[in-house]
Structure formats: structure tokens, C-alpha cells
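Q: Only the shape, not the letters, is given here:
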């Protein structure tokens, strides 16, 4: 694997899921693989799970870790090409990346959508600079439009909870990606990315969201979108809960009259569906306490799988570097 | 040791002091004990000594370290059970802890008293959530009412400076915990904790503070409290200097007319007492420069012992995990 | 080497440059040299290159690393001797240093000029406290008046780009330190330090800056200062671009009428000069995009050499500690 910023960087999804599950069985099976190599973890935004799971994965592989909390520890970066830097930006992202090239064998970066300028976000104005200027493999720790390490963890988690290879199960699982309420405009990265990765899995995917909240067609392609949540949840095996703001009317939050918070009552029409969420979750806004703490939730398992998702990716990147 | 949040978690105090002193002789005697295990150091508040000494202790044991500065690197946490999270909190503490359960073998947390709501602080509203939801051993890096790693370091330091086992000394040392002035309301954790631990040591403990500043009786029990500092200091062998605000009139700072700052003049009535302080200290407010820089101070020795206090505790926790 | 705060701490500059270049060939040649030892990296100011390069250097030597971002992770420090600490400072720098003495085998510290009080800055009011109170070797990660790890990296870079030992080159390179425009008052540390180190190198050094911007004579000594940039750049082999504010009228920014930004046009009069900058750089203010991205720039190479500069210094300090 030469880089990891979307599902298209994965040659064989089933292979990497299998590898991640092997790592989960034995996380310390390759303790020297990263020896003498350095991964830079660059956070342009806050992080809890991604920060911790990436560190654990890197430690398990013997990688040196350089963590940079850009905003707090360094300074404001300039993103515009050709800018006359006479304002409040102190270093151009190009130069920061060139320095990271000198210091790191792998660059992993978190760069959220700014949610201000649709074109900037859709074009991945920050990640694209890393892809363009980095001379070492780039790993996305969530960018403006995708969160691939999360999506791989989601694939791992669904695989653990559905026995795809068992003969007794002769149907695909029904997976529903459902919009959930929130109090402020949230990015599309997790939703987009989940849609994209599920199209590579052997599942029946349905997306449900209110009118005005359809995701970018470039990610959802031909996936069925249903604007009635109850109808969509019917017979679901997995429900993925996530908020996002409007894509068409970018970052707007058109009024939603129905209650979209996932509750046990709504679970009743499903096939005893497993509930997923990438975290952090707004309890009693996106989903109820009873769902979060109930038996259908596989949300913490999903969080744990972030380690093995990251470690499988780092390991494949190291294969490339060591080859 | 299954957890470490107060002296009651210590089965045999003399044993762990002895262990810490052995570690001080040879800090790298167990370099592989923590191999493949991860300690999460979660800071909900600032830290210098605790941060550094915990990292050194963990490194000496070969533990992987995940440091999380929650406020700066992650986001606002919700602490209220059942909260509808439609405000400015982004993740519930329960969910953050469940994720730490997935990522860490030991969770160490710093969670100061808020000093706003007495009941919340007395009930350890944050630490109690860690104790309730953590599925791995929890270590306090100072909580609302206690600072046990400091207190253990204090016990180690007093042991080093008093030869309890020498026949020639046929009396217990007199240890005086004295209130000191400060400019803002300070928590009770260090005072409470020192009182609690000294009751397990073979010492004569006296507490002295102005009227209105008595500590919580649940910690001080039957310890003599004297409201005249000069009287209390008489013949002291050790003086522990620390400010705290009122407990009864919670977090208030009733006027104090006498000068309680510890000076060389005040030391004159003692038995050439050793002076202790947990740091950070407000020089020339809590104690004078001459005391801080004088020969009676064992304050830096005490700071150094924070390493061995932490390492002894981590080591005992690892014994439990490895058993 | 007992400490490293200026060029005068280096016994033999050619020796340490050679050592750094050997390390660059084989960064992992001394992987156990720092084993069981701890370096404290104390940042009183922001850092990107210094932070990362120091960590890599320390990791390559097997040192334990304690990073302290003082402002964000700890608290406000008091710097005044004898201060009555009843204000907003929480810990005296003396006490913080004494604690670092207990915890670290080497203390490295970044403490920029405050740019408010000339005397404080000239006297290194912060670094001097580290030099006075530290009981372990002190390394400057840039102080009020010097940036020696940068200057050593500069010497390494010039050595790589000029074959001093080749018989065919029978002249010294002409090195020009040129002032560049900026939008706010910048410290003199990099300029001072470069001037100081170049006087120890076998080069012809010229400094050029506008009237009113002459550096402190204590650093520039007898170096020729030319107030006409074009004249100074004539036949240059190396150009070092850096802004600084007025030293005489401390931290002021007297008006400059000419355009001092380095451009390709200005390079035309040079001997195809290599261009250097310590980074971060304000593009199209200090120098043009075309220079930054052009073939004459050795700026990223210079950034990379920060690793080997730091590692050579840490290694020499460890020689002292291990002896």
C-alpha cells in the first residue's frame, strides 16, 4: 500500500480485514517491523480515539512516533498557493510538509472540513497538499470528505458480527446508514466514507436521512436513499448512526420535523440490529442512553477495532517501505 | 494492588515504602515488567511533577504511555448521567472511559475538585465515574479529595529522613501539617490525603490552621487540630506546608489576621524541623525564600520521590495484571 | 561537552560537524548510548522543527524523552528573584528547574526573547536561570539571543555544499547574512547566532541590513556590515535570509523604503548562491516563491540537518555524562 486516504488505496479489502483480525489476535506479532522508522501524527484538529489508537498501533509495530498538535504546539499554517504571507499565518503548509518529508517515513494527518467553503472541502484543500507535496506515504486520520481508518474499523466490526463465510447464512446483511440529529453543522466525512466502503462489502446498504440532507452523489452513487427512517430501518441487521449537515445547501441545517434520534422503540422493527457509531456521540440527541448502553450496541467494539484498522494499514505501508 | 485512589488501596504501607526505596536504588530493575502493556495518563487539569514523574516511572517499567491532555487535545466531556447532550459537551465521560478500557491496561487520571459544588467534590463526581466504568485498574493522579501518589512520596521522604528502625531513636517524630496563606481558593486534596496517610505511619501528627479552615473530619478523624501555629510548631520534626480554602464554608477564604507564612523565625521553636511542600509553591506567600532555599527544606527530595512512589504503585498494579 | 548554549561550548567545531555528518550517514549507530537516561524538552514557546528534530535525535540515541509544553500543560512561571508570588505566577522557575534536576539527566529548553525589555533579553533572563540552577547539562533550543542548534545545522549544511577540503577550491566561500522584511518585530537570536558561528568557520562573512537594523556588536564584532543589499549580494556563494527588528531602538521596526525581499532577480548578481533560511519563512515577504521553490534553495536540506545537529550535541553531552 503506497498511501491510505480512501478505499481506492486498498487493493484487496477482504485481505486487509483478515489481516486486522489476525493482528487483533496477536497485536505484538511484528514488534520490530517499524524499527528505526518514524511516523508523524499531525493533528490540525482535536482527536481522542484516532490519537490513541494510532499511537498504540505504531507502538505495537516498533515505530517511532512524532505527534504534532499543530495549532497548540506550532503555529498557524498558510494554505493558499502564491500567498503573500503578510497576515497571521506563519508557515506555508508546503514548507511544513517538506520538513515532515525530511523527518518522517510516514506522514499521517488529520485535517477536517472547514465547513465554510464547499469547494475547498470537496476538493480536499488541505489533504491534497499533503498528497501533492509529501514524498513519503500519507495516511488520512480523517480529512474533509473521508475517514478511511474509521471505515476500515467499521468493516472489521461488521465482519466480526456477521459470519459472511458461514454456509448457514445465505443472505447479505442489511446495513442502514441513518442520519441522526445534532446541534451544529457536522462534516460529511464519516457518512461519505462509510457509504464508499460499504459498496465494497458484501452487504445491502440503505441510507436514510431527512429531505435536504442527501450526501454527495459522488460517494453514495446508486445506493438507495429513503427519507422515511422507520421504513429504512425495517429488518436492518446493522444500523450506523451519524449526523451530517446539508451537502446541497452546504453546512446548512434545514429544519427536521420528525424525531430521528435512535431509540429502542425504533429498533423494534429491525432484525435485532447491531448499532454502530464512530464516537464521540451526543447521548439523547443522536441516540438514546438505552440504545447506547443496551445489548445491541457494538459501539465500543468498533472503537477498539480502530487500533487494528490503524495497525493493519501501518503494517501494509511498512511492507511497501521495506520492500 | 487492584487500584490506587486512596491509602485504603494499599495492603501494607511499610512494604510499598520499602519497595519504592529499592526502586530508588535501582530504577531499572524491572525494565520489561510493563512490556506490551499500555498506561493511559489522562489529564483533565494541568500537571508538571505528576506528568513527568509518571512518565519516568512508566518508562522505567517498559510500559507504553498514552498521554491525553483532555481539554486541549480532545474536547469537553459531559459528566451528568442521563444528560441530553445538546449543549457544549461533545462526549460523555462514560464513553470516553469505555474507549480507554479498550485501549489501556491501566488508566491514570487527574481530576481536580471543581471548587464550585461541595457535594460534587466530596462525592468525587469525576473519579467515581472512572471507578464505576473502568474495567482496568484506575490510578488517581490527584482527584477532588485526595492526592495519594503525593502522599506516598511524602511517606517515603519522611522515612528517608527519620530512622524509624534505629534503636537509638526511641520516639515517634512529630509531624505538623500547617496551613499556609494563598491568594485564591485551593482544594483540600493534598491536606486531606496527607492527614489520611500519616494516620497509617508511626508518627505524632498535629494539624494547625486558622479558625474556619478545619479540614473535613472524614479525613482528619481524631487528629489534634490547633489554631495557634506557633504552639503547634513547638518541637516539630517535620513541617508540611500547604494551603487550602475553607471546607465548612466551601471554597471561601475567611480573613486571617495572623501571619501564617512559614519563616526561619518560626522554625526556631521546632526541633530543627525538616520542611516539606508538594509544589508548586508560592514563594514569600506560603513560605519564605529563606526556608525554601534553606537547609531544612527537603522539598526537592520529596519531588524526586514522586518517581518512586509512582513506580512502586505501577509495579504493584502490574503484579496484579500479570498474575 | 558540558552544556550547549553557544558556540563557545564547542571545543572543536570541525570535529562536531564531522560527527554530525557521520550520524547523517548512519543515524542508528549509537542506539543504546542514552539508555536509562532522560532528556527533558521544555518548551516555553512554540516549536515545530526543533521539537521534532530533537525528538528524533533523542530516539536515535535511545534516550527517554520528557516533553513539557510549559504554557499549555503546566502553569505560569515566576522569573523574578525574591518575588512575593501573590500574582498570577504559580511556580518559580528556580523550583521548576530544581524539579527537572531531579527528573532529567539533560535539560533542553526553548525560551525566546520577550521583546519587551532589552536588558532582560540581552541578559538571557530565563536561560541564565537554567544555567545557574540546573545541576545537569543544559541545552538551548533557542534562547533570547542565540539559536545554537540551528547555527550548527547551518555549519553542517554549508560544509555539505562547499568542498572545503578539495584542493580545486582555493578560496573561502562568500556568505551573506541578509535582513529580510517581516510584518512584526522578530528576535535577533538566529541572526546573532549565525554571525557568531560563521566567525568560527573558514568563510568570508558579510552582513547586510537596512540602516537602523544593525545587530548587537557583541555578536557581529568586526564583520563587515553593508547597508546596500545589492552590493552585499555581489558574488555571494551562500545567502542566509532572516528578519530581525531593530536592536538599538529595541524591537522597533524603522521604516525601510527599498524592497529587501530576496528574488531571483537579486540572485543574478551572486555566484549562483545557495539560499538558506531557518524556517518558518513568510513566503513572498521574506523571499519569493520562486526562490523558495527554486534550485538554489537548500532550505529543506538545512531543516533536515537539524536532526544531526541535535544528535551530535546530545551524543557529546552523553559522552560527558557517561565518562
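A: Thanks, I have the structure now. Just so you know, these numbers come straight off a predicted model, no measurement behind them.
Q: Go ahead and confirm residue A:114 touches residue A:123.
A: No - counting by C-beta atoms under 8 Å, residue A:114 sits too far from residue A:123 to count as a contact (11.5 Å). All C-beta spots, glycine's among them, are computed from the backbone N, C-alpha and C.
Q: first to last residue in stretch A:163-180, what's the distance?
A: 28 Å (C-alpha to C-alpha, to the nearest Å).
Q: any idea of the mean pLDDT for it?
A: For stretch A:163-180, mean pLDDT is 84.
Q: does it come close to chain B?
A: No - applying C-beta under 8 Å from any C-beta of the partner chain, one finds stretch A:163-180 out of contact with chain B, separated by at least 11.9 Å.
Q: Please tell me I have it right and residue A:131 contacts residue A:6.
A: No - with contacts counted by C-beta under 8 Å, residue A:131 stays clear of residue A:6, the gap being 10.6 Å.
Q: Which one's more surrounded, those two?
A: Counted by other C-beta atoms under 10 Å in any protein chain shown, residue A:131 and residue A:6 do not tie: residue A:6 has more neighbours, with 21 against 16.
Q: got a pLDDT number for that one?
A: 98.
Q: So what does it have for phi and psi?
A: Backbone torsions of residue A:6, given as degrees, to the nearest 10, read phi -160, psi 170.
Q: Look up how far residue A:223 lies from it.
A: 17 Å (C-beta to C-beta, to the nearest Å).
Q: how much space between the closest residue to residue A:126 other than its chain neighbours and residue A:77?
A: Nearest residue to residue A:126 in three dimensions, chain neighbours excluded: residue A:111, at 3.9 Å (C-beta to C-beta, 6 or more residues apart in numbering or on different chains). Residue A:111 sits at a distance of 10 Å from residue A:77 (criterion: C-beta to C-beta).
Q: For chain A, what lies in contact range of chain B?
A: A:27-28, A:43, A:46-49, A:51-53, A:55-56, A:59, A:69, A:72, A:183, A:279-285, A:289, A:292, A:299-301, A:303-304, A:307.
Q: Kindly supply the ChimeraX command isolating those of the residues you listed that are buried.
A: Buried subset of those, written as a ChimeraX selection, criterion 16 or more other C-beta atoms under 10 Å in any protein chain shown:
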select /A:27,43,46,47,48,49,51,52,53,55,56,59,69,72,279,280,281,282,283,284,285,289,292,299,301,303,304,307
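Q: Narrow the residues of chain A next to chain B to those in helices?
A: Mapping these onto helices (DSSP state H) picks out A:49, A:51-53, A:55-56, A:59, A:72, A:289, A:292, A:299-301, A:303-304, A:307.
Q: OK, contacts around residue A:102?
A: The contact partners of residue A:102, taken as C-beta atoms under 8 Å, 6 or more residues apart in numbering or on different chains, are C:300-301, C:303-304, C:307.
Q: Please repeat the previous calculation with a cut-off of 7 Å.
A: Contacts for residue A:102 were tallied using C-beta atoms under 7 Å, 6 or more residues apart in numbering or on different chains; they are C:300, C:303-304.
Q: ok, and which of those residues reach chain A?
A: C:300, C:303-304 (C-beta under 7 Å from any C-beta of the partner chain).
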